[in-house]
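K.L.:
sharing a model prediction with you, sequence too.
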Amino acid sequence: MFVKKKSIKNILALSITLSLSSVILTGCNKTAETENEVSEPNIVKTNDKPNIVIFYVDDLGYGDVGSYGAKGVETPNVDELAKNGIRFTDAHSSAATCTPSRYSLLTGEYAFRQHASVLKGDAALIIPTDKPTLPSMLKKAGYSTAVVGKWHLGLGDGKSPIDWNGKVSPGPLEIGFDYSFLMPATGDRVPSVYLENHNVLNISQDDPIEVSYEHKVGIRPTGTENPELLRQAADPQHSNTIINGISRIGWMKGGVSAEWKDEDFYKVFTNMANFFIEDNKENPFFLFFSFHDIHVPRLPNDIFKGKSTMGVRGDAIAQMDWITGEVVNKLKAEGLLDNTLIIFTSDNGPVLTDGYDDEAMEKLGDHKPGGDFKGGKYSAYEAGTRVPTIVHYPAKVKAGTSNTLMSQIDIYASLAKLVNIDLNKDEAIDSKNVLGAWLDASIEGRTELIEESYTLSLRTKEWKYISPSSVKAEWITNMKNIESGLSPIPQLFNLAEDKSEQNNIALQHKADVAKYQQRIDEIKAQTHRN
């Protein structure tokens, strides 16, 4: 089911005119704690199946929210979900970068199987249209499905250039979503426009869009040529076409009437998500809310400035928390919250400096974005994939903390079990049904999982093995200020004794190294569900 058409001009007007006094960063109201049993819940409004909302935050580290130890910023809405749900302490994105994690979440298979990597803004759709996906599976169960926010999984068939002035296809609608309202790639890449279903919003045929990642097109100023026009200095990669005072990756010609304003994201995407909820409240729905926050460029709305002690990165965290609260409040207002399964998590670990000079490092204070874990985004170390993960479902989830090993790749098979859909042998081949662990903090989840970065790592409950890599990753250290975790020699850590991965004990445990490498090779060779 498609949501009713809304006027983007009205949405933008709401964003611009919303007064500071109307934005109060308070937590959600406490929901009654229920017994963790499978009986029918006593709720305000129910369908045969729960609504499902995945909050997928961008570059949010393990320690970046209050319930995981954040300092210098408050996240009352996220913390309220944690207080009344399950807070996981050893849950992982499947990869340490965004496109691979998104691919794995939506397909239930490791991204290396599709050679998925961080995409350009004009890349082709990376998920084949004939591949089963999380939204297409839920559609079989009668769900209406939507994605709102960041996409970064490619668009078009790759056989011909994307026509940004006409129908942009294939995309989300061709892989199972009924409705999509997107930034086509991510905030630091052109085209800097909104895409609703197949069409760029507010495009003028008198000013057509042209995009290139090979050479400059049009006469727009660039960060390289006109650094005096920039609001944030940028590295050479991020110094192409300037839009809204920020230079981006890639060049864009035309489309002035369709340009986004970064400071409006918080209200535009929130409204589109809430419109979808309102229009589909009578039937079960799946909403994939894919945040741009707290990815660069970080340009939170003025109403969030000063909400943290960490400058724009901290303020962007506060903005993310407000957005979460607004969507949760919409569910509550519609009588849907008790019967909605909410999964709050992140696509990969944190990064402070990622192409723009926004003083995130200088203003960090004593805040630890990765918690006590080593590494971050791009890294093979734990902070690359160990991310805050919360499940909130008052009808069936009792509040608690789970220390079991969990992976986002299992969301697919676990939700299939929840909605009674049988999966084919060649569908979501890496996804395992651990529904019990998602809904009960006392139940064990995985015994092993893959962490994907620029190499593959294997985690068990206590051990972490990182495969040798010949990838040259000095840029991660030099440009991102993050330890890559890549080495030409095997690495093995006992996380029970060394959670910060300081002591490589591979030489003392050669048999274990061989065993773990063999297991990675077996997983790589897998072609069907076990």
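P.N.:
Thanks, I have the structure now. Computed from a predicted structure; not experimentally measured. Numbering: from 1, shown residues only.
K.L.:
was I right to think P132 contacts N424?
P.N.:
Yes - with contact defined as Cβ atoms under 8 Å, P132 reaches N424; the gap is 7.2 Å. Backbone N, C-alpha and C define where each C-beta goes, glycine included.
K.L.:
more neighbours: which of those two?
P.N.:
Neighbours of P132 and N424, each counted by other Cβ atoms under 10 Å, are more numerous for P132; the result is 23 against 10.
K.L.:
check contacts around that one.
P.N.:
Applying Cβ atoms under 8 Å, 6 or more residues apart in numbering, we find P132 in contact with 107, 423-424, 427-428.
K.L.:
show me the shaky parts of the protein.
P.N.:
Applying pLDDT under 70 to the chain picks out residues 1-47.
K.L.:
that one - how does it break down into domains?
P.N.:
The record assigns the chain these domain ranges, following automatic domain parsing: 8-34+49-209+254-450, 451-525.
K.L.:
return the distance of the first one from the chain's centre.
P.N.:
The chain centre lies 4 Å from the centre of domain 8-34+49-209+254-450; the measure is Cα atoms, centre = their mean, to the nearest Å.
K.L.:
before we move on, what about the shortest one?
P.N.:
Domain 451-525 has its C-alpha centroid displaced from the chain centroid by 24 Å (Cα atoms, centre = their mean).
K.L.:
between the domains of the chain, which one is nearest to R231?
P.N.:
R231 lies closest, by Cβ to Cβ, to one member of those: domain 8-34+49-209+254-450, at 7.9 Å.
K.L.:
what's the first-to-last distance across stretch 120-133?
P.N.:
22 Å (Cα to Cα, to the nearest Å).
K.L.:
of the contacts of P132, which is the most crowded?
P.N.:
When neighbours are counted by other Cβ under 10 Å, T107 leads the contacts of P132 with 28 neighbours.
K.L.:
residue ranges of the helices in the stretch 51-200 of the chain, please?
P.N.:
Under the criterion DSSP state H, counting those that start in this stretch, helices of the stretch 51-200 of the chain are mapped to 76-83, 98-107, 134-140.
K.L.:
please identify the buried residues of the first one?
P.N.:
What that stands for is helix 76-83. 76-83 (16 or more other Cβ atoms under 10 Å).
K.L.:
can you put the helices of the stretch 51-200 of the chain in a markdown table and add distance to H238?
P.N.:
Compiled in a markdown table, those are given as follows (distance: least, Cβ to Cβ, whole Å):
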| stretch | distance to H238 |
| --- | --- |
| helix 76-83 | 29 |
| helix 98-107 | 15 |
| helix 134-140 | 31 |
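K.L.:
nearest to R446, out of these?
P.N.:
For the helices of the stretch 51-200 of the chain, proximity to R446 was assessed by Cβ to Cβ; helix 98-107 is nearest, at 14.0 Å.
K.L.:
can you name every helix or strand that that closest one contacts?
P.N.:
Applying 3 or more Cβ pairs under 8 Å, 6 or more residues apart in numbering; DSSP states H and E, one finds that helix 98-107 contacts strand 51-57, helix 134-140, helix 411-418.
K.L.:
now do that helix against helix 411-418: the angle between them, please.
P.N.:
Taking axes from the mean of the first three to the mean of the last three Cα atoms, to 10 degrees, helix 98-107 and helix 411-418 form an angle of 20 degrees between their directions.
K.L.:
quick check: longest helix of the protein.
P.N.:
Looking only at the chain and at elements set by DSSP state H, the helix with the highest residue count is helix 311-333.
K.L.:
who touches the very next helix or strand once past that one?
P.N.:
Toward the C-terminal end, the helix or strand that comes next after helix 311-333 (DSSP states H and E) is strand 340-346. For strand 340-346, the external contacting residues (Cβ under 8 Å, 6+ apart) are 50-61, 78, 81, 85, 91, 93, 324, 328, 331, 387-393, 408, 411, 418, 438.
K.L.:
do a quick rundown of the strands in the stretch 51-200 of the chain.
P.N.:
Counting by DSSP state E, counting those that start in this stretch, the stretch 51-200 of the chain has strands at residues 51-57, 86-88, 91-92, 144-150, 179-183, 195-196, 199-200.
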